[in-house]
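Colleague: I'll drop the sequence and a predicted model, then ask my questions.
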Amino acid sequence: MKKLSFINKIIYLLNSLLATGLLLSYLLPWVSPRTLSSFAILSLLVPILMLINLVFVVYWLIQLKKQFLLSALILGLGYFVTTPLYKFDEGKSSLNSDLKIMSYNVRMFNHWQWIEDDKIPEKISNFVSDKEPDILLLQEFHKTDSPKFDYPYKYIKLKKPNSTIGLAIYSNYKIINKGSLELSDTSNNIIFADVVKDKDTIRIYNLHLQSLELNTKAENFGQENSEKLLARLRAGFKKQAEQTEEFLIHEANWEGKKIVAGDFNNTAYSWVYKQIANNKKDGFIEAGDGFGKTFNYSFPLRIDFILVDENAIVNQFSSFKQKNSDHYPIQARINW
């Protein structure tokens, strides 16, 4: 520190604070939001903390300063203890027998005209038709504005009998069982369907966990009343934890092949993700590339997931940059 200029001393102090924040974030998967809800907020910032620390590494290396070691070592530790922020394409091949599954939060098909385009439902329908998923999972499904999806089997569960909003599962394979967890005190929900492919019965879960009400304009970090924002985030994370616990109890009763997908409204660095992804493979980690960004935000947020049981093989994973919603659709090709 003595050999650093005054400006570099200030920069290194900032570097130290942000590196410490990243180091603390590695504890997030082991701390339930029900225990420490304020700490859970850090899970949303992990991607940007990683990127900032990478910038610090480059900054110090350019100046040939050993201070690069601080962020470099913490980023290196993260490689072993947390999920990757960026994936390089491994060039996996697909099989004709793969099951193609897509998860897409369609934001009510633009019912409230967030996007100035009257053809959003048609564009979503055309996109799905082009990608031809065997299983289509939709979150924030809107009954009134929904286009027709060409599938022989479907399960649409509205939150309430007189509601128009809910979750949907469309399938090319016969659905022999279905159900809803009926999450309480929320507009969110979890549904499932058991589909028969060849001689296999596969359980498909469609999750839409508690929304944190983030939006694509990113005013949530700084421009909005901070106390109200933090209170809302804390309440949202606690609710997600409760919903996760309900899901885990339900999931424990199924021992067969399964796919768990949907909008978790939380990142891969959270307690919620760690609990749900336990004993499963993450489609993005197995076969994805890039940041895998699934939410149209100012920095790369991956909050939509396709998880499979440990016996499954993920041959392909894609995150599409379709701006027909505040979420991007994701699709995986899966085999057993």
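Modeller: In hand now; what should we look at?
Colleague: Could you list the low-pLDDT ranges of the stretch 201-336 of the chain?
Modeller: For the stretch 201-336 of the chain, the stretches flagged by pLDDT under 70 are 215-225.
Colleague: can we see that at 50?
Modeller: 218-223 (pLDDT under 50).
Colleague: mind listing the strands for it?
Modeller: All strands of the stretch 201-336 of the chain, identified by DSSP state E, counting those that start in this stretch, fall at 257-263, 280-282, 304-309, 313-319, 330-335.
Colleague: Find the nearest non-adjacent residue to the one residue sitting closest to the centre of the chain, please.
Modeller: What sits nearest the mean C-alpha location of the chain, by C-alpha atoms, centre = their mean, is residue 303, with 2.0 Å. Distances taken as C-beta to C-beta, 6 or more residues apart in numbering put residue 295 closest to residue 303, at 5.2 Å, once the chain neighbours are dropped. Every C-beta, even on glycine, is put in place using the N, C-alpha and C of the backbone.
Colleague: mind checking which of the strands of the stretch 201-336 of the chain is nearest residue 83?
Modeller: Residue 83 lies closest to strand 280-282 among these, at 7.0 Å (C-beta to C-beta).
Colleague: Show me what that closest one packs onto, helices and strands only.
Modeller: Contacts defined by 3 or more C-beta pairs under 8 Å, 6 or more residues apart in numbering; DSSP states H and E place strand 280-282 against strand 304-309.
Colleague: Return the distance of the strand it packs on from the chain's centre.
Modeller: 9 Å (C-alpha atoms, centre = their mean, to the nearest Å).
Colleague: Give me the contacts around it.
Modeller: 101, 103, 105, 257-264, 268, 273, 276-277, 279-284, 294-295, 314, 317, 327-328, 330-332, 334 (C-beta atoms under 8 Å, 6 or more residues apart in numbering).
Colleague: if we go to 6 Å?
Modeller: 103, 257-261, 263-264, 277, 280-283, 294, 327, 330, 332, 334 (C-beta atoms under 6 Å, 6 or more residues apart in numbering).
Colleague: Export it to CSV, keeping only CA atoms.
Modeller: Below are the C-alpha coordinates for strand 304-309, written out as CSV (Å, rounded to 0.1, in the frame of the first residue of the first chain):
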residue,chain,number,x,y,z
ASP,A,304,-35.0,-18.9,-15.1
PHE,A,305,-33.8,-22.5,-15.0
ILE,A,306,-34.2,-26.0,-16.4
LEU,A,307,-33.0,-28.6,-13.9
VAL,A,308,-33.0,-32.4,-14.5
ASP,A,309,-32.4,-35.4,-12.3
